[in-house]
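In: mind folding the following:
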Amino acid sequence: MTKTNDSTTTEEELAADLKLAEELANSEAGARNPTGSFSKKVLYFVPLIWTLFQLWYASPLPFIFNFFVINDTEARAIHLAFAIFLSFTAFPTLKKSPKTYIPIQDWIVGLIGAFCSAYLYIFYNSLADRPGNPSQIDLVVSVIGLILLLEATRRALGPPLMVVATVFISYTFGGQYMPDVIAHKGASLAKGMSHYWLGTEGVFGVALGVSTGMVFMFVLFGALLESAGAGNYFIRTAFAALGHLKGGPAKAAVVSSGLTGLVSGSSIANVVTTGTFTIPLMKKVGFKPEKAGAIEVACSTNGQLMPPVMGAAAFLMVEYVGINYIDVIKHAFLPAIISYIALVYIVHLEACKMGLEGMKRPIVKTASQRILSFTFTILTLIIIGGVTYYGLGWIKHVGGAATIYIVSALLLVSYLFLLWLACRVPELEHTTEINELPPLGATAQAGYYFLLPVVVLMWCLTVERLSPALSAYWATVLMIFIVVTQRPIKGFFRKTQGDYFSIRSGLADLINGMVSGARNMIGIGVATSAAGIVVGTVTLTGIGLVMTEFVEFISGGNLMMILLFTAIISLILGMGLPTTANYIVVSTLMAPVIVDLGAQNGLIVPLIAVHLFVFYFGILADDTPPVGLAAFAAAGISGGDPIKTGIQGFTYDIRTAILPFMFIFNTQLLLIGIDHWYHLLVTIVGAVLAMLAFAAATQGFWLVKNRIWETAALLVIALLLFRPGIVWDRIFPPLIEEPAAQLEEYVADMDPGSSLRLVLKGEKMNGKEFTKVIMLKIGDETTGAERMAEVGFETRDEEGRIFIDNVVFSSAAEKAGIDFDQEILNLQVPTHRLPKELVYIPILSLYGFLFMIQLRRKKKLESPAISA
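Out: Coordinates of the predicted model:
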């Protein structure tokens, strides 16, 4: 490559980056871009300092040097101080407000807001000496801080979340004026402010803690990947692999958005980043503007389903559900994957309906060359994976304390080798135009080294079992090294000089990535803080119990109606709230309701299933008219109508909307209750086939246009593949009831680790009776009484009726909802029956029958064209 080409590439790259940055800024609530030197520097260096603080906080360095060691509450206060200050300086007050400079009043309120947020850090020790007894200055700071937080939320995210938080604050202080069904005595100013601002139950609660400790590092990791060129690499690799297929650019959009979604916390950012490439190309091969935009919206919103980040909700689930991060990823993985498979299939069906073709390949390989290339790629990935897992595992046992140095050396050698490989092929273009498909092998080879930080991240999470924050920190450290060194090392290997291959350009990329990561966190920081107001209101007023009774009343206790009601609430709130805030609000209010009322309906609903249910519908709000922010962003690129784009995107996302209902009733889709590898295989295959059938039914097209009865049959197939128990359980009941008097004897005979299901009868505070089913895991103690004591409860016998006599505080029994004087009506004992997956045999036969009918009809339709 010559120096002229280097400079041309640099100019193209800068132009593309500027265009993306401008569109992203416009889509994310119109952030300021001041022209003044001082304002520019503030909006550059303050986010940079925020990033450096977060890196310091996430690292082990404070403990190594015993310097600036702060606890979680202090870190949350500093985190929010940065977010509020940047909300006032980076976002204008109104749409008509100045965007080219920062007015003096915004400087003032930004600094006041930052001080109020940092108040917990500055006066941490004195506040700890007077818990629940705030001074007058404490109350003044709290009130001002709360008001400025609401205004910062409005600026960064729009009015909806601010309105929701204000309603909950009003409920806290005006409970005595509310209707009787939700009335409470109301909180005093001192009690409310202590709860909201001066403690860790409200604004500075779990949600902000997750934003501070985990989310920032993953957002920074994603920003550095983008700054290094990984986003461009993912997009071009997806196009190289899929662009030649029917509707190829649309399929590439799905895959590239999924890859971007791995580390992106925003569906709007995903639309703008990948849509700039994909939407024009989809239009080029024949997709209408609305459909091109809708496909990008659907795959970008679904990008938030993809572990490990999941729009920051994965880390919140760790805290709210009480399970570890790896389990969250495991449960979320299969629904996310089958949702993406279905979207690729929907794109294929759309292309078939319109008779579209893919982009032409520059070089057509022979069949033997394609097979050889595919085999070589698969073998390479297997070897890399095997060496990474087993090789590093072996080193860990042998190297001991020296493992970190050995692994670092291996990573360095791998990095240099993969960079050398990348330099054996041309540098990737950095333009938004893809006029012809790049060769897959060369395109993939140009960026294999981008996978190293992801390998480090997954290794730290799954093998080392480090915390998500620390795992992201080490992956980010490697990413920083790559950003700084990739260009000069490439220049050395290519024997090329110039600014593009200098270490100075790498440092500029690093700093820009750090600034971008921090600015991307402004909205998340204030969103999690404002959502903490809702959580604080629930814990302060007990509105959660009222919600249970209210939802039970309007739904008549019917679980399906409860789920529909929750889905609608999630969609409505999600139209204006960011996914993270929507998830916090709805899961806080509705998750306990679904679990409790599900138990009263005899259904044990795992808490993770409920939280994922709420999360899925919160995501779908991003393309739901009339708000649908992602749809507006896509329409801006495609030139289509935003409402039509949103409606079309929602029709594509119906397959995502059906999934939560399925995994509530069939938790095997969340990989819960999977015992063997073949059980896992059957579950995955059944789920994929079900989703493909559902996609074909909703699109009204499979091999050819569906007849009405074929669509109905495909819907039945999808339902029975997703929920085989809906038929099998009626023929062969999964449970039988045994008398409660046999409880102790039955528990003694249970296998350790198995689950005990009890049907309990109790009385609510209002005197109404209820029944519910609870499930407890049994230990390996010797007798039944010892096992029950270990779980946390004792019983008494009153004339043959068994009652709960004692419940141990904070035991598994108490957490499951067992309380004093509840009556155990019976035990639910699993029956020995044939596996419910046998339903698949007749269903797959019907599937094959439909396929043969449509194939025959397709051949008849094609035969005149062939003869002609």
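In: show me the protein divided up by domain.
Out: Domain assignment for the chain by automatic domain parsing gives 27-207, 526-731, 735-830.
In: so how far is the second one off the chain centroid?
Out: Meaning domain 526-731. 14 Å (Cα atoms, centre = their mean, to the nearest Å).
In: got it, and the last one?
Out: Relative to its chain's centre, domain 735-830 lies at 36 Å (Cα atoms, centre = their mean).
In: swap in stretch 80-92?
Out: Averaging C-alpha positions (Cα atoms, centre = their mean) puts stretch 80-92 25 Å from its chain's average.
In: swap in stretch 46-53?
Out: With Cα atoms, centre = their mean as the basis, stretch 46-53 stands 25 Å off its chain's centre.
In: is Glu357 in contact with Pro249, as I believe?
Out: No. Applying Cβ atoms under 8 Å as the test, Glu357 and Pro249 come out as separate, 11.0 Å apart. C-beta coordinates here come from the backbone N, C-alpha and C atoms, glycine included.
In: now list whatever residues contact both of the two.
Out: Residues touching both Glu357 and Pro249 (Cβ atoms under 8 Å, 6 or more residues apart in numbering): Val285.
In: which one of these two is surrounded by more residues?
Out: Pro249 (32 against 13; other Cβ atoms under 10 Å).
In: helix, strand, or coil at that one?
Out: Of the three states, Pro249 takes helix under DSSP: H, G, I helix; E, B strand; the rest coil.
In: then Val773?
Out: strand.
In: okay, now the closest residue to Arg519 other than its chain neighbours: neighbour count?
Out: Leaving aside its sequence neighbours, Arg519 sits nearest to Pro47 (Cβ to Cβ, 6 or more residues apart in numbering; 5.2 Å). Residues lying near Pro47 (other Cβ under 10 Å) number 22.
In: now do Pro47 against Ala785, distance only.
Out: Noted for Pro47: a distance of 61 Å to Ala785, by Cβ to Cβ, to the nearest Å.
In: and what of Leu86?
Out: Distance of Leu86 to Ala785, computed by Cβ to Cβ: 60 Å.
In: ok, those two, which is more surrounded?
Out: When Leu86 and Ala785 are compared for neighbours, Leu86 comes out ahead with 27 against 15, by other Cβ under 10 Å.
In: surely that one and Pro47 touch.
Out: Yes. The criterion here is Cβ under 8 Å, and Leu86 meets it with Pro47 at 6.6 Å.
In: which residues are common contacts for those two?
Out: Residues touching both Leu86 and Pro47 comprise 518-519, with contact defined as Cβ under 8 Å, 6+ apart.
In: that older thread, thinking the residue nearest to Arg519 is in contact with Gly513, fair?
Out: No. Taking contacts as Cβ under 8 Å, Pro47 lies outside contact range of Gly513: 10.9 Å.
In: thinking again about what came up before, quickly find the element holding the residue nearest to Arg519.
Out: helix 37-58 (DSSP states H and E).
In: mind giving me the packing neighbours of that helix?
Out: With contacts taken as 3 or more Cβ pairs under 8 Å, 6 or more residues apart in numbering; DSSP states H and E, helix 37-58 sits against helix 72-90, helix 216-228, helix 468-494, helix 503-541.
In: and that helix, how far out from the chain's middle?
Out: The chain centroid and the centroid of helix 37-58 are separated by 26 Å under Cα atoms, centre = their mean.
In: stretch 465-473 now?
Out: Averaging C-alpha positions (Cα atoms, centre = their mean) puts stretch 465-473 17 Å from its chain's average.
In: what are the contacting residues of it?
Out: 55, 58-60, 213-214, 217-218, 220-221, 308, 315, 318, 325-326, 457, 460-461, 464, 474.
In: quick check: buried residues in it?
Out: With burial defined by 16 or more other Cβ atoms under 10 Å, the residues of stretch 465-473 counted as buried are 466-473.
In: mind listing the strands for this structure?
Out: Using DSSP state E, the strands of the chain run over 735-739, 755-763, 769-777, 793-798, 801-807, 823-830.
In: contacts only, for Pro578.
Out: Neighbouring residues of Pro578 by Cβ under 8 Å, 6+ apart: 157, 161, 266, 523-524, 527.
In: how about the residues you listed, which pair is most distant?
Out: Greatest spatial distance among these (Cβ to Cβ): Leu161 and Ser266, at 14.9 Å.
In: got the contact list for Thr795?
Out: By Cβ under 8 Å, 6+ apart, the neighbours of Thr795 are 743-744, 788, 802-805, 824.
In: at 6 Å instead, please
Out: Contacts for Thr795 were tallied using Cβ atoms under 6 Å, 6 or more residues apart in numbering; they are 802, 805.
In: with Thr771 instead?
Out: Shown in contact with Thr771 (Cβ under 6 Å, 6+ apart): Lys761.
In: and the pLDDT for it?
Out: What the model reports as pLDDT for Thr771 is 87.
In: tell me how far it lies from Leu735.
Out: For Thr771, the distance to Leu735 equals 15 Å [Cβ to Cβ].
In: now Phe722
Out: The gap separating Phe722 from Leu735 is 21 Å, by Cβ to Cβ.
In: show me which of those two is the more surrounded one.
Out: Legend: neighbour count by other Cβ under 10 Å for Phe722 and Leu735, higher for Phe722 (26 against 14).
In: mind listing what that one touches?
Out: By Cβ under 6 Å, 6+ apart, Phe722 lies in contact with 662, 690.
In: could you shift the numbering so residue one becomes 762, and keep it that way?
Out: Yep, numbering from 762; the last one is Phe1483 now.
In: any idea how far it lies from Ile1433?
Out: Separation of Phe1483 from Ile1433 (Cβ to Cβ) stands at 15 Å.
In: Leu1320 now?
Out: 18 Å.
In: need the contact list for Val1443.
Out: Listed by Cβ under 6 Å, 6+ apart, the contact set of Val1443 reads Glu1598.
In: swap in 10 Å and give it another go.
Out: Residues near Val1443 by Cβ atoms under 10 Å, 6 or more residues apart in numbering: 1429, 1435, 1437, 1485, 1596, 1598, 1601.
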